[in-house]
Every structure is written in structure tokens, then in C-alpha cells.
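test case, fold it:
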Amino acid sequence: MPDHPSPSPSPSPSLGNEERVLHTLLKMVTDALALYPTRLEDDVARLARRDDASLRPFSNRRHALIQVGRSGGRDGEKDAGRRGRGIGK
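Residues are numbered from 1 along each chain as shown. Predicted structure coming up:
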């Protein structure tokens, strides 16, 4: 069996580099959230209303709002993104 050299240790991350990475992630999440046409609060309020015929149970439109927003204590894309923004601050 040939001897393989052990991998060289990774350099310790610098505080400046960690800050740059977090700021980059924050910008990416903020930019992604800005692409949605409505805010999370608007989606949650719309799902709570019962008078919107386009959001009938099991419809694609309702399901999309649930997946992107949140419902029943489950996080959607916007909610996870909003929480993710807190990491970089």
C-alpha cells in the first residue's frame, strides 16, 4: 500500500473573510426575496382570508402561496430567507 501524505491543514479563517462571506450571503438572500412580487405578510393575510375564490382548497395557487410563504407552523421560502437575513446582521 502506498503511503499518501496527509492533507495539509486549512488555514484558519480570518474575521474579515468571515464577515465578507456573511455579507455576501445577506445580499444574496435579500436579492432573492426582492424577486417575489408580494411580501410574506401579504401572503399570510391572503391565505387567512376565506373570500378569495382563486385560493380554493387544493388549488395550485393556494399551494404555491403556502410553499413560498408559510402555513400551519411550517416555514416557506420567504420565511426561511427572512430568518437567514438575520445571520448576516
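
residues near Leu40, how many?
Applying other Cβ atoms under 10 Å, we find 18 residues neighbouring Leu40. For every residue, glycine as well, the C-beta is placed using N, CA and C.

could you check the pLDDT of it?
pLDDT for Leu40: 80.

correct me if wrong: Asp79 contacts Glu41.
No. At 10.6 Å, Asp79 does not count as touching Glu41 under the criterion of Cβ atoms under 8 Å.

look at the two and report which has more neighbours.
Asp79 (17 against 10).

work out for me the element that one sits within.
helix 77-85 (DSSP states H and E).

how about His23?
In this assignment (DSSP H and E), His23 forms part of helix 15-34.

quick one: buried residues of the helix or strand following that helix?
Beyond helix 15-34 in the direction of the C-terminus, DSSP H and E gives the next helix or strand as helix 40-48. Neighbour counts over helix 40-48 (16 or more other Cβ atoms under 10 Å) mark 40, 43-44, 46-47 as buried.

do stretch 54-64 as well
Buried, per 16+ other Cβ under 10 Å, within stretch 54-64: 55, 62.

endpoints of that stretch, how far apart?
12 Å (Cα to Cα, to the nearest Å).

low pLDDT regions in this protein?
Filtered on pLDDT under 70, the chain yields the residue ranges 1-2, 10-12, 69-76, 80-89.

rerun that using 90 as the cut-off
Residue ranges of the chain with pLDDT under 90: 1-23, 25-89.

which elements pack onto the helix holding His23?
Here helix 15-34 touches helix 77-85, going by 3 or more Cβ pairs under 8 Å, 6 or more residues apart in numbering; DSSP states H and E.

how many neighbouring residues does Ser6 have?
For Ser6, the neighbour count with other Cβ under 10 Å is 6.

i'd like the first residue to be 350 from this point on
New numbering, starting at 350: the last item is Ser355.

what helix or strand is it located in?
Ser355 belongs to no helix or strand, assigned by DSSP H and E.

got the buried residues for the helix holding His372?
375, 378, 382.

kindly format the C-alpha coordinates of that helix as CSV.
In CSV, the C-alpha atoms belonging to helix 364-383 read as follows (Å, rounded to 0.1, in the frame of the first residue of the first chain):
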residue,chain,number,x,y,z
LEU,A,364,-12.6,37.5,10.8
GLY,A,365,-12.5,39.8,7.7
ASN,A,366,-13.1,36.9,5.4
GLU,A,367,-16.0,35.5,7.5
GLU,A,368,-17.6,39.0,7.5
ARG,A,369,-17.3,39.2,3.7
VAL,A,370,-18.9,35.8,3.3
LEU,A,371,-21.8,36.7,5.6
HIS,A,372,-22.4,40.0,3.9
THR,A,373,-22.4,38.2,0.5
LEU,A,374,-24.9,35.7,1.8
LEU,A,375,-27.0,38.5,3.2
LYS,A,376,-27.0,40.3,-0.2
MET,A,377,-27.9,37.0,-2.0
VAL,A,378,-30.9,36.3,0.3
THR,A,379,-32.1,39.9,0.2
ASP,A,380,-31.9,40.0,-3.6
ALA,A,381,-33.7,36.7,-3.8
LEU,A,382,-36.5,37.9,-1.5
ALA,A,383,-36.9,41.1,-3.6
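
cheers, nothing more for now.
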